[in-house]
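Enquirer: Turn this into a model:
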Amino acid sequence: MSDLIVRDARDGDREIINDVTLAAYQQYAAVMQIHWEGYRHNILTTLADVKPAEQIVAEQHGAIVGTVLLYPPGTLVWPELRLLAVAPAARGRGVGAALMRECVRRARQSGAAVLTLHTHEIMAVAMRMYERMGFVHAPDLDFHPAKDVTIKGYRLNLTEGA
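Expert: Numbering: from 1, shown residues only. The predicted structure is shown next:
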């Protein structure tokens, strides 16, 4: 992955960030069924105005192949990453892990003791990556946006092994 560049998004990146994010999450449409349109709308609304989050992208051979939002400490209780997305054609090449490592680095640099994220069990590949990186399920962060939906909270202690 030596040709992968992880950087802050630029103003001209917005359209491709939207495309990459929607392409990455589209695989869940059939599983989410009635919840998909609401989730898709939430993704687009979040991406329309990411402030105060940092929009981070992974670029390879001049093309954006991944993206993530990192919300700073103080916005929420701890810094939190959201909408980690890797273009389907770029999966399995360490793009998601590189974006995650950058979020961990920036959260540590900010002095935060914890980094959090939320996910759903249908995102099994992502959950395995989070757990390999040391994130643990934190049931106190779970929430239920609908009666039949549980969003799982994960926490990484940034002070261990720092």
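Enquirer: State the helix or strand in which the residue nearest the centre of the chain lies.
Expert: The centre of the chain sits closest to L84, judged by CA atoms, centre = their mean, with a distance of 2.4 Å. Secondary structure from DSSP states H and E places L84 in strand 80-86.
Enquirer: cool, and M127?
Expert: helix 124-132.
Enquirer: starting at the chain centroid, how far to that helix?
Expert: On the basis of CA atoms, centre = their mean, to the nearest Å, helix 124-132 sits 12 Å off its chain's mean C-alpha point.
Enquirer: Now do that helix, average pLDDT.
Expert: Computed over helix 124-132, the mean pLDDT rounds to 89.
Enquirer: what lines up beside the following helix or strand past that helix in the sheet?
Expert: Next along the chain after helix 124-132, taking DSSP H and E as the criterion, comes strand 136-137. Sheet pairing of strand 136-137 (DSSP bridges) gives strand 149-157 (antiparallel).
Enquirer: buried stuff in the strand it pairs with?
Expert: By neighbour count on 16 or more other CB atoms under 10 Å, the buried set for strand 149-157 is K152, G153, Y154, R155, L156. Every residue, glycine included, has its C-beta placed from N, CA and C.
Enquirer: For the first one, give me its contacts.
Expert: In this case it means K152. Taking CB atoms under 8 Å, 6 or more residues apart in numbering, we find K152 in contact with H118, T119, H120, E121, M127, H137, P139, L141, D142.
Enquirer: Please apply the same query to the last one.
Expert: Counting by CB under 8 Å, 6+ apart, L156 touches V104, V114, L115, T116, M133, G134, F135, V136.
Enquirer: Now render those residues as JSON lines, adding distance to I5.
Expert: Output for the contacts of L156, formatted as JSON lines (distance: CB to CB, whole Å):
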{"residue": "V104", "distance to I5": "18"}
{"residue": "V114", "distance to I5": "28"}
{"residue": "L115", "distance to I5": "22"}
{"residue": "T116", "distance to I5": "26"}
{"residue": "M133", "distance to I5": "20"}
{"residue": "G134", "distance to I5": "25"}
{"residue": "F135", "distance to I5": "25"}
{"residue": "V136", "distance to I5": "30"}
